[in-house]
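J.: kindly return the folded structure for what I paste below:
(chains A and B)
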Amino acid sequence: MSLAKYDAIVIGAGSVGCPIAYFLTLEGLKVLVLDGEHSVGQGQNKAAIGGVRATHSDPAKITICIESLEIFSTWKEKHGTDIGWINGGYCFPIYREIDEEKLKVLLPVQKSFGLNIDWVGPEKIIQLVPGINPVGLRGGTYSPHDGQISPLKAAAAFWKESRDRGAEFLFGEPVTGLLRSGGRIEGVETGRGKYYADVVVNAAGGHAGEVGRMAGIEIPVVPDSHEGGISAPMKRFFDPLIVDIRPGPEGRTANFYFGQNDRGQVIFCYTPIAPIVGTNRSVTSEFMPVISRRLIELIPRLRNMLIRRVWRGLYPMTPDGIIILDGVREVKGLFLAVGMCGQGFMLGPGVGLNMAKLIVHGKPGIDPEVFSTIGFYRDFHAKRAEALK
Amino acid sequence: MFNGQEMKALEGEVITSALYANGIRVFGHHPRDGAPQGIFCVNGQCSQCMVLVEGISVKGCMIEVREGMKVASCEGVPELPGRDGLPAFSGIKTISTEVLVVGGGPAGINAAIELGTLGIETLLVDDKSELGGKLTLQTHPFFGSREDCYAGIRGIDIAHILTAELSKLDSVKVRTGTTVVGAFHDGKVGMYGGDGYFLVEPRVVLVACGAREKGLAFPGCDLPGVYGAGAFQTLLNRDMIIPTERLFIVGGGNVGLITGYHAIQAGIKVVGLVEALPRCGGYKVHADKLTRLGVPIYTSRTVISAEGDEKLESITTAAVDESFRPVEGTARTYDVDTLLVAVGLSPIDELYYKLAEFGLECWTCGDSAEIAEASAAIFGGKITGRKIARALGRDVEIPGDWESKQEVLRSKPGAVVDWEVPSGDGKAFPVIRCVEEIPCNPCVDSCSMCSIVIPGDPIMGLPEFTGECSGCLKCVVACPALAITLVRPDAGEKEGTSIVVVPYELEPGGLEAGMEVRTVDFDGNPVGTGTVVKMRKAPGDDKRLLVSIEVPSQQAVDVAALLELEAEEGEMGGGIADSISDDTIICRCERITAGEIRGEIRAGVLDMNILKATVRSGMGACGGKTCTELILRLYREEGIDLDDVTLPTERPFVAEVPLSAFAGIKGGDGK
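T.: Numbering: from 1, shown residues only, chains lettered A, B, ... in the order given. Got it, this is the predicted structure:
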């Protein structure tokens, strides 16, 4: 049994836990990261397609992702490690009047946060996405400052930088209990021993709810899942991440999205209308037949690309679809960075930065009013559907 | 048309074979480092033979040529052709079946025959255009027992017999040219082939996919011209292509030995064979067939490097010590254009484990279950077929002796015993040079006088000749190993000479009556000279000749064959590395070197999923089928306990599938 004393323990070495650990080490803390998987990023990180955008509609997500973009896009010059950053922007091609109106209404809000996003005509969309189906294309939004990153490389990079700054990582060691005393957190317990720290961060992704229950708190995070796939490499022919927000003709899919990564592989995913709730991560037979038709209808030439691999990843969902970043009042020293709703990868660095500030300085970096909208004690059932996921 | 040059090809031939027949060995260059890409598996498993057909990337070994087809080499990352018209979609079919048998080799077909005989609805799928699996590549007569598993018949003929039997069964549907590409969480199995992509929803699955060849890592192992024995057999025996002039083989198991023999039959010079163990793992009779033809077999020796610019030009071998480390000062270099890697097989069992994980009732047999001879797979298939029938509630017996027979056929060869020089006093007697216990008995059944017996064990034991010989020669024809000759004492025209009848399986070429030939004993040592008296076709076996040679009587029992070839000495020299050198390619798809992977291992990476993320080993088209075992070897070399290493996660698809197939676009591209 070990009795090591750390400044902070992070539960989860994924898209969120790794950046938190990194920024805590930048604040000079002695950090331990625990994960039940055998190495870094083996939960949902490797299931992410790697798109990073600040062009959301929710103010908290916008501000946090502006920070993520800054961290990701400057990573190589700061640390020398290539994490596959492509500054290709995001493009939402639009074919329906109702969708055009929806996006145009959002533009002033997005611009008020300083985002570089605008409505562009069909010619520009065709230029950005060669081969896109021109029939009925009304134009769309394009935000050139967004981009994509390799999730696999990013997690490994955060891991390495954190270790270089003294963070310890223990893998294959799931947390089995939270140690508490008089309303304060004291550490965590695993099958192998107890680890002590005054600060514990729950960044357990799909397992966030279970970890919460170990401290007697109920965190409203329920994982559902999305499937994804990747092609063989091809010569780069489009740069932006593309989001088609129409519902699918088959009646089972909401939007779908895809991009061409730094190796020329197309990575793709759709949002099922009926959520597949649960933690199973094996692929269903339905995914490829459904997504193939949607991809080909949008860009017919994609029919000749070879599909290499498919997978399924979890979306740890909150009731209102908005993330939770907060300290737990009932258990002092316990912090939550959970319920990323499938966007943990793009939110991760910004979340890490703000959590480190909240933990060390008592307040986040972003506007406290905005930060309060993602607190744990908000009304999760108040009406606040995001205009744009 | 290849790269703008017109070429002739046979109808039904796959692209890679057509290119090979036209002398093309390099099909493109890798995007990472421009390395030449040649054939490797010829089995649709890797993507090294990727070529562009009308601008679209395809695996050359899976697509048949058509007249007027425009093929181009795949140089770097291919471009997606700008075909922007909207194609017509049709849905994806789902087929239900009681039993799905994956793999139409000896195990799968026999299981399907048992199931079909009982009227059980069965779908048998196989990725090749013809059933039979590796049987179709085997032009040599089989060992084993005649009554149970077609011993003495050539593999390719067994495939035809089994396929004909299967076609009589109404409840069995067969889909050839169809690859199982993935198993899904909902219990469905995805298939891709000539009929496009479809799903199968089975109640029970039998995985009988056979085995894949293990790889060997050394500098240059990725050069075009270095490939597996299975690939070679496919080119030679299925597609009738002579892919090489000078061949070297690494691996002395039955696969390596038999392939060497096939090569010689096709007129290819086999320069040598190395085996790292002190003794060949294959049957001695197979090894002896090679040595008698003058092929040197070097034991306790391995290949340490392959050299060449764009394609293989030479290989270097070295002696190895007891821990398989190369010994300084023993290197020899041989000029060859092809190196066959035949260092063992590993079961293809991923599908079995995946389906079992998804809760499907799942069985496995043949090489997928345990690597053994095809004769054992035949029995394994029969037994498993009946077991499945019983599990499905059918009242059927499994004969009590089936399992024990299968056990015997699975046996590894026993000890080599000293050969007793036979003698006979009649007008003729057979000389049976069977000195190693292997499961085989066709000679016993062949003898018209019932004079050949196996005392004790009815199949594993060694046959003995007792009693009378009519000189009918049936045993000489029957022995799959060419290990029986017939001596007619003092029957030569010249004083003091006898006639020896030896089996001969090469092209007769310049061989004719009256010719003087050099003779060798069973181990390939020179005996003397003799005169060819007569040549005739072996009855019932059109690929084998019986050659009568007049030899001095005192040499008659020693003569086992004619000497065909002279052995070549390799050139001495070359330095030796005692482990896989850093520049050796380990992951062929992504071209990741041993050095890159070793760097990560030394940095503490124990999870192969992280290797995928950081150096990308195993991220290519084949999904880690070849490199996973080689990476484990690197871990071992670094002194890491393999129990501490996490294996990579396996996900669909087993082989790449065009997006159009999933959308049910007819004709693939749907132009």
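
J.: ok, B:L511 - contacts?
T.: By Cβ atoms under 8 Å, 6 or more residues apart in numbering or on different chains, the residues touching B:L511 are B:504, B:517, B:532, B:535, B:547, B:562. For every residue, glycine as well, the C-beta is placed using N, CA and C.

J.: now tabulate those in CSV and tack on pLDDT and distance to B:T628.
T.: Formatted as CSV, the contacts of B:L511 follow (pLDDT from 0 to 100; distance: Cβ to Cβ, whole Å):
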residue, pLDDT, distance to B:T628
B:Y504, 88, 44
B:V517, 87, 50
B:V532, 91, 53
B:M535, 87, 51
B:V547, 91, 48
B:L562, 80, 45
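
J.: out of these, which comes closest to B:V181?
T.: B:V181 lies nearest to B:Y504 out of these, by Cβ to Cβ, at 45.3 Å.

J.: find the nearest non-adjacent residue to the closest one, please.
T.: B:L545 (4.4 Å; Cβ to Cβ, 6 or more residues apart in numbering or on different chains).

J.: determine the longest helix present in the chain.
T.: Let's take chain A. Across chain A, the longest stretch assigned as helix under DSSP state H is helix A:344-361.

J.: was after chain B, sorry
T.: Determined from DSSP H, the single longest helix within chain B is helix B:374-391.

J.: what's across from B:M191 in the sheet?
T.: B:V180, B:F198 (DSSP bridges).

J.: got a list of what it touches?
T.: B:M191 neighbours (Cβ under 8 Å, 6+ apart): B:125, B:175, B:178-181, B:197-200.

J.: and which of those residues is nearest to A:W85?
T.: Ranked by distance to A:W85 (Cβ to Cβ), the contacts of B:M191 are led by B:V181 at 32.7 Å.

J.: contacts only, for the closest one.
T.: Listed by Cβ under 8 Å, 6+ apart, the contact set of B:V181 reads B:190-192, B:197, B:652-655, B:657.

J.: all helices of the stretch 101-250 of chain A, in order?
T.: Secondary structure of the stretch 101-250 of chain A (DSSP state H, counting those that start in this stretch): helices located at A:122-128, A:151-164, A:208-214.

J.: in stretch B:447-466, which residues are buried?
T.: If you call a residue buried by 16 or more other Cβ atoms under 10 Å in any protein chain shown, then stretch B:447-466 has these buried ones: B:447, B:451-454, B:459-465.

J.: just the CA trace of that stretch, in CSV.
T.: Output of stretch B:447-466 as CSV, limited to C-alpha atoms (Å, rounded to 0.1, in the frame of the first residue of the first chain):
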residue,chain,number,x,y,z
CYS,B,447,-0.1,-53.8,-52.4
SER,B,448,-1.8,-56.4,-54.6
MET,B,449,-0.2,-59.2,-52.6
CYS,B,450,-1.1,-57.7,-49.2
SER,B,451,2.6,-58.0,-48.4
ILE,B,452,3.1,-54.5,-46.9
VAL,B,453,2.0,-54.2,-43.3
ILE,B,454,2.4,-51.7,-40.5
PRO,B,455,2.9,-53.7,-37.3
GLY,B,456,1.4,-52.2,-34.2
ASP,B,457,0.0,-48.7,-34.8
PRO,B,458,-2.1,-48.9,-38.0
ILE,B,459,-1.0,-45.6,-39.3
MET,B,460,1.7,-43.9,-37.3
GLY,B,461,4.0,-46.9,-37.4
LEU,B,462,6.5,-47.8,-40.1
PRO,B,463,5.6,-50.1,-43.0
GLU,B,464,7.4,-53.3,-43.5
PHE,B,465,7.6,-55.6,-46.5
THR,B,466,7.0,-59.2,-45.7
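
J.: report the mean per-residue pLDDT for that stretch.
T.: Stretch B:447-466 comes out with an average pLDDT of 82.

J.: what's that stretch in contact with?
T.: Stretch B:447-466 is contacted by residues B:144-145, B:408, B:411, B:414, B:417, B:422, B:424, B:429-430, B:432, B:434-435, B:437-441, B:443-444, B:446, B:467-470, B:472, B:474-475 when judged by Cβ under 8 Å, 6+ apart.
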